[in-house]
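Participant: Sequence first, predicted coordinates after that:
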Amino acid sequence: MIVLEKRPQASQLWSLATPVVAVLATMVFGGLLFALLGTQPVEAIRTIFWDPLFGEFAFYYRPQLLVKGAPLVLIAIGLSLGFKAGIWNIGAEGQYIIGALTGAGVGLAFYPLEAWYIFPLMVIAGALGGWAWAMIPGVLKVRFGTNEILVSLMLVYVAEQLLASMSLGLLKNPQGFGFPGSRNLNEYESANSWINQNAGLHWGVVAATIAVIFAYVLLNRHMLGFHIRLTGDAPRAARFAGVSPGRLVLFCLGTSGMLAGLAGLFEVAGPAGQVSIDFNTGYGFTAIIVAFLGRLHPIGILLAGLLMALTYIGGEIAQSQMGLPAAAIQVFQGMLLFFLLALDLLTNYRIRLKSREVA
């Protein structure tokens, strides 16, 4: 009989090894999935993980690691602060959308004026949009004790409807021949987030780097970071230490919403280029995988974000060259979170084999 036996203390070895083992398990079972779809599994795994870095067209794909990784890292850093404190923001996708809408809305309101202050105003609007959207579950939780998981998740669908409405209405390009979507912000110099497009460098990459440094300093050198970690590890001890649960909820949800809103703004003003019905690509949900894969540690999240960006790029190559369906790549990414959470159990428990007792 297989039983789980609680460890006297968490295993540091398994804590460090779990992400690596989870990635290897994902490769093995993902390969089986690809084989069932009639694709050579080894070739598919090589295409996803090797070709973007060292393949024939790696010079083109490498800059895309920054493009795909920046929003994932930026959102995951914000989510990790709440997750460490036991505050579960599952609606970063909605905050990402609202940040893009408010930021792009400010930029388009000034069109065709060219001025240096337009982009900074867009950044402020994007951050405030994401923050305000995250404050809805935050205030409801603090004031009425609602579940932030359900409220934040349901608001994603509201944000998606707002996105569709704006693409077909208020933000629709009047010179777009009736097609949904806004003007192309990449053609509007004052509302453009690119720094060096050939290198994949835009202001979202800079913001993600700053967010990693900020989170590291906050969690390791500031009293607020200590309160966040204490609340997640020992809620009763945190209350006795004078930590205000309500303020912590508002801070964590507000910060994660602000960073998700910034990610949306930098994306719409850079790689995406415009507000469109299909603007959201699931970054807000994928960032949850990134946060846990990085063990909720800022440096780990940075590495996990680049790894997940690699699966995005490699998945697109596999779709075009090998005919793999997009859903298979999404399942492959989902496997990573599944194995990560499953194997994470071994950090606090060990598996024992015991013989059944005869009645």
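Facilitator: In hand now; what should we look at? Numbers count the residues shown, from 1 in each chain.
Participant: Only C-alpha atoms from now on, for both contacts and neighbour counts.
Facilitator: Fine.
Participant: contacting residues for the residue nearest to the spatial centre of the chain?
Facilitator: Centroid-nearest residue in the chain: residue 287, 2.1 Å away (criterion: Cα atoms, centre = their mean). Contacts for residue 287 (Cα atoms under 8 Å, 6 or more residues apart in numbering) come out as 72-73, 75-76, 79, 305.
Participant: Check those and tell me the two furthest apart.
Facilitator: Spanning the widest gap among the contacts of residue 287 are 79 and 305, at 13.0 Å by Cα to Cα.
Participant: related to what we said a few turns ago, same list, the contacts of residue 287, but as a markdown table with secondary structure and distance to residue 245 please.
Facilitator: Below are the contacts of residue 287 laid out as a markdown table (DSSP: H, G, I helix; E, B strand; the rest coil; distance: Cα to Cα, whole Å):
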| residue | secondary structure | distance to residue 245 |
| --- | --- | --- |
| 72 | helix | 27 |
| 73 | helix | 26 |
| 75 | helix | 22 |
| 76 | helix | 22 |
| 79 | helix | 17 |
| 305 | helix | 30 |
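Participant: Do you have the helices of the chain handy? List them.
Facilitator: 12-36, 41-49, 51-54, 58-84, 92-109, 118-144, 148-168, 203-221, 223-233, 235-240, 245-268, 283-293, 298-322, 326-348 (DSSP state H).
Participant: could those helices be laid out in a markdown table, adding distance to residue 192 and mean pLDDT?
Facilitator: Listed next are the helices of the chain as a markdown table, based on distance: least, Cα to Cα, whole Å; pLDDT from 0 to 100:
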| stretch | distance to residue 192 | mean pLDDT |
| --- | --- | --- |
| helix 12-36 | 36 | 91 |
| helix 41-49 | 30 | 93 |
| helix 51-54 | 26 | 91 |
| helix 58-84 | 14 | 95 |
| helix 92-109 | 9 | 96 |
| helix 118-144 | 7 | 97 |
| helix 148-168 | 19 | 96 |
| helix 203-221 | 9 | 96 |
| helix 223-233 | 34 | 91 |
| helix 235-240 | 44 | 86 |
| helix 245-268 | 9 | 96 |
| helix 283-293 | 20 | 93 |
| helix 298-322 | 22 | 93 |
| helix 326-348 | 30 | 88 |
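Participant: so can I have JSON lines of those helices showing distance to residue 175?
Facilitator: Listed next are the helices of the chain as JSON lines, based on distance: least, Cα to Cα, whole Å:
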{"stretch": "helix 12-36", "distance to residue 175": "44"}
{"stretch": "helix 41-49", "distance to residue 175": "39"}
{"stretch": "helix 51-54", "distance to residue 175": "37"}
{"stretch": "helix 58-84", "distance to residue 175": "28"}
{"stretch": "helix 92-109", "distance to residue 175": "13"}
{"stretch": "helix 118-144", "distance to residue 175": "22"}
{"stretch": "helix 148-168", "distance to residue 175": "13"}
{"stretch": "helix 203-221", "distance to residue 175": "28"}
{"stretch": "helix 223-233", "distance to residue 175": "49"}
{"stretch": "helix 235-240", "distance to residue 175": "56"}
{"stretch": "helix 245-268", "distance to residue 175": "19"}
{"stretch": "helix 283-293", "distance to residue 175": "30"}
{"stretch": "helix 298-322", "distance to residue 175": "31"}
{"stretch": "helix 326-348", "distance to residue 175": "32"}
